[in-house]
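S.K.: Sequence and predicted structure are below.
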Amino acid sequence: GAGVSQSPSNKVTEKGKDVELRCDPISGHTALYWYRQRLGQGLEFLIYFQGNSAPDKSGLPSDRFSAERTGESVSTLTIQRTQQEDSAVYLCASSLVILRGGETQYFGPGTRLLVL
Amino acid sequence: ELKVEQNPLFLSMQEGKNYTIYCNYSTTSDRLYWYRQDPGKSLESLFVLLSNGAVKQEGRLMASLDTKARLSTLHITAAVHDLSATYFCAGISIQGAQKLVFGQGTRLTINP
């Protein structure tokens, strides 16, 4: 079946512009996660959704970052007034209903963001 | 706060050899995951280890978990070039948040 999809796959923007990244989770997955991967590094957690509520936003780096989710479907991650340090790959993942300890998270292909 | 460390971070090996990647974590983790990432690609789930003593095998890869030592290992047997990739382990915090906490990754290069 279809996996997690993300768009755009690549985004080049100028410093100070706003960008919007989109994630379509696997159908039926109620949990959705956003991570960031800087070049050559591991993944940093940003935010997760259970349904359309976000119980944990602790990883958002600043108030320039926000995310929303429509029902148990599409999520958008918005970065306002982008800075060069925002350049990274933004990965979205989804999983089935969260049990204690979590279910396996399935990752999308990522959006490669470059801020000039 | 859960922290995850992998070693080595870089590993270059010859085809046919065996090697082990180590993953240490700092506090209790409900589960331990191993992912593979090819260059420019996303993460592919390899293994989920649920309990102490768990061992899972897929082809030339075998993962194990020792919760008392807070250690997971990924063992590669008779390596082949196709296994070249970056391997990440990740724990999951049981403190309410369901976020994965990743190690730094081990970049594995297998030479013919």
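M.R.: Thanks, I have the structure now.

S.K.: Which pLDDT value goes with the closest residue to chain A within chain B?
M.R.: Chain A sits closest to residue B:30 of chain B, with a gap of 2.9 Å, by C-beta to the nearest C-beta. (Glycine included, C-beta is placed from N, CA and C.) At residue B:30, the model reports a pLDDT of 72.

S.K.: ditto for the one 3 residues further on
M.R.: Among the per-residue scores, residue B:33 holds a pLDDT of 94.

S.K.: Verify the stated contact: it with residue B:47.
M.R.: Yes. Counting by C-beta atoms under 8 Å, residue B:33 touches residue B:47, with 7.0 Å between them.

S.K.: one step back: so the residue of chain B closest to chain A versus residue B:49, what's the distance?
M.R.: 10 Å (C-beta to C-beta, to the nearest Å).

S.K.: between these two, who's got more neighbours?
M.R.: residue B:49 (22 against 17; other C-beta atoms under 10 Å in any protein chain shown).

S.K.: Mind giving me the packing neighbours of the helix or strand where residue A:12 lies?
M.R.: Taking DSSP states H and E as the criterion, residue A:12 maps to strand A:10-13. The elements that strand A:10-13 packs onto, with contact taken as 3 or more C-beta pairs under 8 Å, 6 or more residues apart in numbering or on different chains; DSSP states H and E, are strand A:19-24, strand A:111-115.

S.K.: For it, enumerate its sheet partners and note whether each is parallel or antiparallel.
M.R.: strand A:111-115 (parallel) (DSSP bridges).

S.K.: Buried residues of the lowest-mean-pLDDT helix or strand in chain A, list them for me.
M.R.: Here the helix or strand of chain A ranked lowest by mean pLDDT, DSSP states H and E is strand A:53-56, holding a mean of 84. Residues of strand A:53-56 classed as buried by neighbour count (16 or more other C-beta atoms under 10 Å in any protein chain shown): A:54, A:56.

S.K.: same question, stretch B:41-53
M.R.: Quick answer for stretch B:41-53 (16+ other C-beta under 10 Å): B:42-43, B:46-49.

S.K.: Confidence-wise, which of these comes last?
M.R.: residue B:42 (86).

S.K.: Show the contacting residues for that residue.
M.R.: If a contact means C-beta atoms under 8 Å, 6 or more residues apart in numbering or on different chains, then residue B:42 has A:91, A:107-110 as its contacts.

S.K.: Also residue A:85?
M.R.: Per C-beta under 8 Å, 6+ apart, neighbours of residue A:85: residue A:115.

S.K.: is it fair to say it lies in a helix?
M.R.: Yes. Under DSSP: H, G, I helix; E, B strand; the rest coil, residue A:85 sits within a helix.

S.K.: And the strands in chain A, which stretches?
M.R.: A:5-7, A:10-13, A:19-24, A:31-37, A:43-50, A:53-56, A:65-69, A:75-79, A:88-95, A:106-107, A:111-115 (DSSP state E).

S.K.: helices or strands next to the fifth one in the packing?
M.R.: Strand A:43-50 is packed against strand A:31-37, strand A:53-56, strand A:65-69, strand A:75-79, strand B:100-102, with contacts defined by 3+ C-beta pairs under 8 Å, 6+ apart.

S.K.: List the strands paired with the third one, with their directions.
M.R.: Strands flanking strand A:65-69 in the sheet, each with its direction: strand A:75-79 (antiparallel) (DSSP bridges).
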